[in-house]
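Engineer: Here is the input, now give the coordinates:
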Amino acid sequence: MSDNSAIEWTEATWNPVTGCTKVSPGCDHCYAERITERFHGKGSFAIVQRDEGKLYLPLKWRKPRRIFVNSMSDLFHDDVPAPFIGRVFSVMAQTPQHTYQVLTKRHGRMRAMLNTAGLRQVVAEVTDVWPLPNVWLGVSVEDQRWADIRVPALLETPAAVRWLSMEPLLGPVDLWSCGGVSAIAPDWVGGLGGGTGTPHPLVDWVVVGGESGPGARPMHPGWVRQIRDVCVNEEVPFFFKQWGEWAPNGARGIGAIERISRGRERLVGEPIGHMGHRECIERLGKKRAGRELDGRTWDQYPLTDDVKAAT
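Structural biologist: Here you go, the predicted model:
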């Protein structure tokens, strides 16, 4: 566990579970796999292990922190027993001073566990508040295909805060339509037609980032801007984590070629203006590429109930 995480949107990491297996294209260049196998050998990351010694560490932290749960694994992996997941939720319930950021690609198991009595009964031994107000539940979304699969499952999961980690963003995503539902605006079910008039749950936070490390795939600036603009228009907090290895270099080009300058630069997107220029992105490296989007950083966070009450 790290009490000073380098991950831009959190403050600490907590890994009661380590190890994972790949389920979608966003996993292809997994940083956690790269780190684990550097020290423990090829294939070691595929072994999912529980760490009893780390399970209760948040109980020792008095100062409030934003804590990323399982940066080196997936809490809802099939190889993590349900009783152990219950113990993780029990620790989170016992430490309301912390905010826990849970992220998964196992959307189905998360939805099933949060909607059944077993996990709620475990939490009820600590508090009668459900869902836990200090637990943010999120899913990874790398393109429209996985948005259509994972976002509806997230919206069907009880959570105080729901969020999307769109990193690495590998394609455009329309947040207005994800598997037949909107992730970005209320959708009144029923109403005048005789239904209950219940508002559909909202996604409360969107994080976007490009891929870094060996073999990093470029992220189109247009994909990011589209998501940013939708979030701004609908007042959904937006966090731009990084460009990754590739970023716009300020240049424009004309033509249909996809690669110039020995593959370090690419012309991307639709033509800009009557001359037919297109934006140029370049492999700059994560540090040089930075975190600015159109001249500024975007570090917005969701409003918690405490903050809402004070505003």
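
Engineer: What's the end-to-end length of stretch 155-167?
Structural biologist: 19 Å (Cα to Cα, to the nearest Å).

Engineer: and that stretch, how far out from the chain's middle?
Structural biologist: Distance, stretch centre to chain centre, for stretch 155-167: 9 Å (Cα atoms, centre = their mean, to the nearest Å).

Engineer: Specify the beta-bridge partners of residue 67.
Structural biologist: Beta-bridge pairing of residue 67 under DSSP bridges involves residue 12, residue 100.

Engineer: Quick one: residues contacting it.
Structural biologist: 10-14, 58, 98-101 (Cβ atoms under 8 Å, 6 or more residues apart in numbering). C-beta here means a position set from N, CA and C on the backbone, and glycine is covered the same way.

Engineer: quick one: low-confidence ranges for the protein?
Structural biologist: Along the chain, the model assigns pLDDT under 70 to residues 1-3, 186-201, 254-263, 267, 269-275, 304-311.

Engineer: can I see the domain layout of it?
Structural biologist: Listed domain ranges for the chain are 12-245+290-310, 246-283 (source: automatic domain parsing).

Engineer: Please identify which of these is closest to residue 6.
Structural biologist: With Cβ to Cβ, the closest approach to residue 6 among the domains of the chain belongs to domain 12-245+290-310: 9.3 Å.

Engineer: Can you report how many residues neighbour residue 6?
Structural biologist: Using other Cβ atoms under 10 Å, residue 6 has 7 neighbouring residues.

Engineer: could the contacts of residue 67 go into TSV alongside distance to residue 123 and neighbour count?
Structural biologist: Listed next are the contacts of residue 67 as TSV, based on distance: Cβ to Cβ, whole Å; neighbours: other Cβ atoms under 10 Å:
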residue	distance to residue 123	neighbour count
10	22	20
11	23	18
12	22	21
13	22	20
14	17	28
58	15	22
98	15	23
99	16	22
100	13	23
101	18	27
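
Engineer: Closest to residue 243 out of those residues?
Structural biologist: Closest approach between the contacts of residue 67 and residue 243, by Cβ to Cβ: residue 10, at 19.0 Å.

Engineer: isn't the closest one right up against residue 66?
Structural biologist: Yes - judged on Cβ atoms under 8 Å, residue 10 makes contact with residue 66 at a distance of 5.0 Å.

Engineer: any idea which element residue 120 lies in?
Structural biologist: Taking DSSP states H and E as the criterion, residue 120 maps to helix 117-124.

Engineer: which stretches of this protein form helices?
Structural biologist: Secondary structure of the chain (DSSP state H): helices at 31-40, 52-55, 82-94, 107-114, 117-124, 144-155, 221-233, 286-289, 305-310.

Engineer: which one of the ones you listed lies closest to residue 21?
Structural biologist: Minimum separation from residue 21 across those (Cβ to Cβ) falls at helix 31-40, 9.5 Å.

Engineer: what packs against that closest one?
Structural biologist: If contacts are counted by 3 or more Cβ pairs under 8 Å, 6 or more residues apart in numbering; DSSP states H and E, helix 31-40 sits against no helix or strand.

Engineer: and for it, what are the contacting residues?
Structural biologist: Residues from elsewhere that reach helix 31-40 (Cβ under 8 Å, 6+ apart): 18-20, 43-45, 71-73, 212-214.

Engineer: please redo it, this time with the cut-off set to 7 Å
Structural biologist: 20, 44-45, 71-72, 213 (Cβ atoms under 7 Å, 6 or more residues apart in numbering).

Engineer: which one of the domains of the chain is the most hemmed in?
Structural biologist: Mean neighbour count, computed with mean count of other Cβ atoms under 10 Å, is highest for domain 12-245+290-310 among those, reaching a mean of 18.

Engineer: Excluding residues flanking it in the chain, which one is nearest residue 239?
Structural biologist: Sequence neighbours aside, residue 207 is the residue nearest to residue 239 in space, at 4.5 Å (criterion: Cβ to Cβ, 6 or more residues apart in numbering).
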